[in-house]
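Peer 1: quick one: sequence plus predicted model below, questions after.
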Amino acid sequence: MMRVLIVDDERLARAELRRMLATRPGITIVGEAANAAEAAQQVAALQPDLLLLDVQMPGGSGFDLLDALDDPPEVIFTTAFDQYALQAFEASALDYLMKPIEPQRLAAALERAAVRLGLAPMPSAAPRKLFIRDGERCWFVRLEDIRLFESEGNYTRLYFEGATPLMARSLLQLEQRLDPQQFFRANRRHIVNLAAVKGIENGEGGAMSLRIEDMTVEVSRRRMAALKQLQEF
């Protein structure tokens, strides 16, 4: 069951989202918030899986809210303003929906959220190879040879066989085509090939990191449960 918190300063907008979510199975609306400060309290108390988040609100924007959270939930932005889309995807938002929200767009975004949260299978088979061009160099690399995907804004850096090219796709775009049983979203910036993990390191306060050759990747608190559920671990 996906736990959703609606954050919007307009009462009618919150009511419309409630109405649209009421027809979707597998979703529980755990609460509402009318501003960033109230939403921060609700996130701490309710631990939602997903935020339906407005951008412009009194007292602080949706981005201010995400910056204030140590480990924010997944996010789908719902807004009347189109100028923040790039900033939203740089914040690893699942989608950026313009008001009035189309039911089909919301349904597709919720399906992506379910896949990200491990609540639904991938909708189609993942590709076996990727073609990568970085400057004048090109690679045609097998997915199983890529040990790490790292977000750099609207681009993604890939790590494989001594090469670290930059690919002109966002981490979210790549994640939608990867098998979640093999490629694990450890945090907002990293997707790890589980076959490349050499060990798990435990830190203070229950923190966990995945060791991959000469680097470690921290697992966010919200992703620890998903990691433990994977058969490989």
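Peer 2: Great, that's in hand. As the structure is a computational prediction, the values presented were derived from the model and not from experiment. Numbers count the residues shown, from 1 in each chain.

Peer 1: what helices or strands is the lowest-mean-pLDDT helix or strand in the chain leaning on?
Peer 2: One helix or strand of the chain scores below all others by mean pLDDT, DSSP states H and E: helix 221-229, with a mean of 80. Here helix 221-229 touches strand 183-185, going by 3 or more C-beta pairs under 8 Å, 6 or more residues apart in numbering; DSSP states H and E. Bear in mind the C-beta positions are built from the backbone N, C-alpha and C, glycine included.

Peer 1: helices or strands up against the strand it packs on?
Peer 2: Partner elements for strand 183-185 (3+ C-beta pairs under 8 Å, 6+ apart): strand 190-193, helix 221-229.

Peer 1: mind listing what's buried along it?
Peer 2: For strand 183-185, the buried set under the neighbour-count rule, 16 or more other C-beta atoms under 10 Å, comprises 183-185.

Peer 1: please apply the same query to stretch 136-150.
Peer 2: Within stretch 136-150, the residues that count as buried by 16+ other C-beta under 10 Å are 139, 141, 143, 145-150.

Peer 1: span of that stretch from start to end?
Peer 2: 21 Å (C-alpha to C-alpha, to the nearest Å).

Peer 1: how about the helix or strand V217 falls within: buried residues?
Peer 2: In the assignment (DSSP states H and E), V217 maps to strand 215-219. By neighbour count on 16+ other C-beta under 10 Å, the buried set for strand 215-219 is 216-219.

Peer 1: which of the residues you listed lies closest to E74?
Peer 2: V219 (15.3 Å; C-beta to C-beta).

Peer 1: for that closest one, name its beta-bridge partners.
Peer 2: Beta bridges link V219 to M208, judged by DSSP bridges.

Peer 1: could you export the least confident helix or strand of the chain as CSV, CA atoms only?
Peer 2: Extracted in CSV, the C-alpha atoms of helix 221-229 (Å, rounded to 0.1, in the frame of the first residue of the first chain):
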residue,chain,number,x,y,z
ARG,A,221,16.9,5.4,5.4
ARG,A,222,13.8,5.1,3.2
ARG,A,223,15.5,2.6,0.9
MET,A,224,16.9,0.3,3.6
ALA,A,225,13.7,-1.7,3.9
ALA,A,226,13.6,-2.2,0.1
LEU,A,227,17.3,-3.4,0.2
LYS,A,228,16.6,-6.0,2.9
GLN,A,229,13.7,-7.3,0.9
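
Peer 1: got the domain ranges for the chain?
Peer 2: When the chain is parsed with automatic domain parsing, its domains come out as 2-116, 129-229.

Peer 1: by mean pLDDT, show me the worst of the ones you listed.
Peer 2: When those are ranked by mean pLDDT, domain 129-229 comes last with a mean of 89.

Peer 1: distance from the chain centre to it, please.
Peer 2: 13 Å (C-alpha atoms, centre = their mean, to the nearest Å).

Peer 1: which SS state does P100 fall under?
Peer 2: Per DSSP: H, G, I helix; E, B strand; the rest coil, the secondary structure class of P100 is coil.

Peer 1: on that earlier part again, mind putting the buried residues of strand 183-185 into CSV with distance to V7?
Peer 2: Shown next, in CSV, are these (distance: C-beta to C-beta, whole Å):
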residue, distance to V7
F183, 29
F184, 28
R185, 22
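
Peer 1: now flag whichever of those residues is closest to E74.
Peer 2: Each of the buried residues of strand 183-185 was checked against E74 using C-beta to C-beta; the closest is R185, at 9.8 Å.

Peer 1: in this structure the closest one contacts L172, no?
Peer 2: No - counting by C-beta atoms under 8 Å, R185 stays clear of L172, with 9.7 Å between them.
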